[in-house]
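*Asks:* sequence? don't have it. structure:
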Ligand SMILES: Nc1nc2c(c(=O)[nH]1)N[C@H]1C(S)=C(S)[C@@H](COP(=O)(O)O)O[C@H]1N2
Ligand SMILES: [Mo]
């Protein structure tokens, strides 16, 4: 199925050799295959060149493994990701414990090159592999009363050195409104750069919601619950004045302690100019989800 904001490649098109190409060669290859025009280029961006694999996998936020940007790369290797089960429950027709292998085998894995904007005002471009959350929701059948989707990360004190510190109320939890969850941009990602997801990036399966601040993109998901009430979210519980439920990228709504008007693109070097931050991170196609909503109040 090809959609306007994606390229038409599937996992079958990603050659194993491609895994070892550097990003310049990868992009040249993409151009040669004629997919460049199909990428999700936000308004004002001529190209969407992915950040280096090393940057994406070594500068991470995954507080279960420590709060330093390099802690996840150092310590997340301890997380056992096989076997992996995702519990799907709540207002669904087919609740159950789904093994990841079983679940992924029923989904179309695509590559999506998305902008990613952390609330801390750094950003990058990531070539994810994954499938649409909407397809999973269709598979399990959502009951008409459902209005929200709640997500939960694994909590493994034996494997996660960071959870002995009460930085957040563990397990890490997140949530989306059902229409946000069903939006075709919303992915469950199982890899990046053509390789299986590394633990520091949220292996074996993590959410990617490219128009929202990065903390909405919850890692290492073990539970998905359909509910009729707005679910609690970790950063909102930690500081409701600074982190809202919606957390849509918005250059006109500053964080109480810093501006959100601009961002620092990873890999740009020390003297790189900051780039302007775009409403919805440039993904204008989601604007309709928030028609009539006060985005200052619902930050
Ligand atoms: N379980 C869990 N998910 C998480 C986080 C976390 O600490 N724990 N950090 C979030 C934040 S703040 C960001 S910016 C992104 C970072 O994803 P990346 O490290 O793959 O770039 O993951 C999000 N998902
Ligand atoms: Mo973040």
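*Replies:* Looks like it arrived, so ask away. Treat the numbers as computed from the prediction; the structure is a model and nothing was measured. Ligands and ions are numbered 1, 2, ... in the order given.
*Asks:* Only C-alpha atoms from now on, for both contacts and neighbour counts.
*Replies:* Noted.
*Asks:* ok, how many other residues are close to residue 298?
*Replies:* Residue 298 has 12 neighbouring residues, counting by other CA atoms under 10 Å.
*Asks:* Give me the three-state assignment for it.
*Replies:* coil (DSSP: H, G, I helix; E, B strand; the rest coil).
*Asks:* quick one: contacts for it?
*Replies:* Taking CA atoms under 8 Å, 6 or more residues apart in numbering, we find residue 298 in contact with 244, 245, 246.
*Asks:* now the residues you listed in TSV, with pLDDT and distance to ligand 1?
*Replies:* As requested, these are exported to TSV (pLDDT from 0 to 100; distance: CA to the nearest ligand atom, whole Å):
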residue	pLDDT	distance to ligand 1
244	98	13
245	98	14
246	98	14
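*Asks:* Distance to residue 220 and neighbour count for those - can I get that in TSV?
*Replies:* Output for the contacts of residue 298, formatted as TSV (distance: CA to CA, whole Å; neighbours: other CA atoms under 10 Å):
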residue	distance to residue 220	neighbour count
244	22	16
245	20	21
246	21	17
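*Asks:* Between those residues, which sits nearest residue 56?
*Replies:* The shortest gap between residue 56 and any of these belongs to residue 246, at 24.4 Å (CA to CA).
*Asks:* In this protein, which strand is the longest?
*Replies:* The single longest strand within the chain, with elements called by DSSP state E, is strand 122-132.
*Asks:* if you average pLDDT over that one, what comes out?
*Replies:* Mean pLDDT, strand 122-132: 98.
*Asks:* Output the contacting helices and strands for it.
*Replies:* Counting contacts by 3 or more CA pairs under 8 Å, 6 or more residues apart in numbering; DSSP states H and E, strand 122-132 is packed against strand 110-117, strand 187-192, strand 262-265.
*Asks:* so what strands line up beside it?
*Replies:* strand 110-117 (antiparallel), strand 187-192 (antiparallel), strand 262-265 (parallel) (DSSP bridges).
*Asks:* next one: that strand to chain centre, how far?
*Replies:* On the basis of CA atoms, centre = their mean, to the nearest Å, strand 122-132 sits 7 Å off its chain's mean C-alpha point.
*Asks:* Just after it, pick out the following helix or strand.
*Replies:* Downstream of strand 122-132, the first helix or strand assigned by DSSP states H and E is helix 133-140.
*Asks:* Pull the number of nearby residues for whichever residue of the chain sits closest to ligand 2.
*Replies:* Of all residues in the chain, residue 118 sits closest to ligand 2, at 4.0 Å by CA to the ion. A count of neighbours around residue 118, defined by other CA under 10 Å, yields 18.
*Asks:* Other residues contacting the longest strand of the chain?
*Replies:* 11, 48-51, 56, 107-117, 184-194, 263-266.
*Asks:* could you flag which of these are buried?
*Replies:* Buried by 16 or more other CA atoms under 10 Å: 48-51, 56, 109-117, 184-194, 263-266, out of those.
*Asks:* Contact partners for the nearest residue to residue 191 once chain neighbours are set aside?
*Replies:* Excluding the flanking residues, the one nearest residue 191 by CA to CA, 6 or more residues apart in numbering is residue 197, at 3.8 Å. Residue 197 makes contacts with 189, 190, 191, 203, 204, 205, as judged by CA under 8 Å, 6+ apart.
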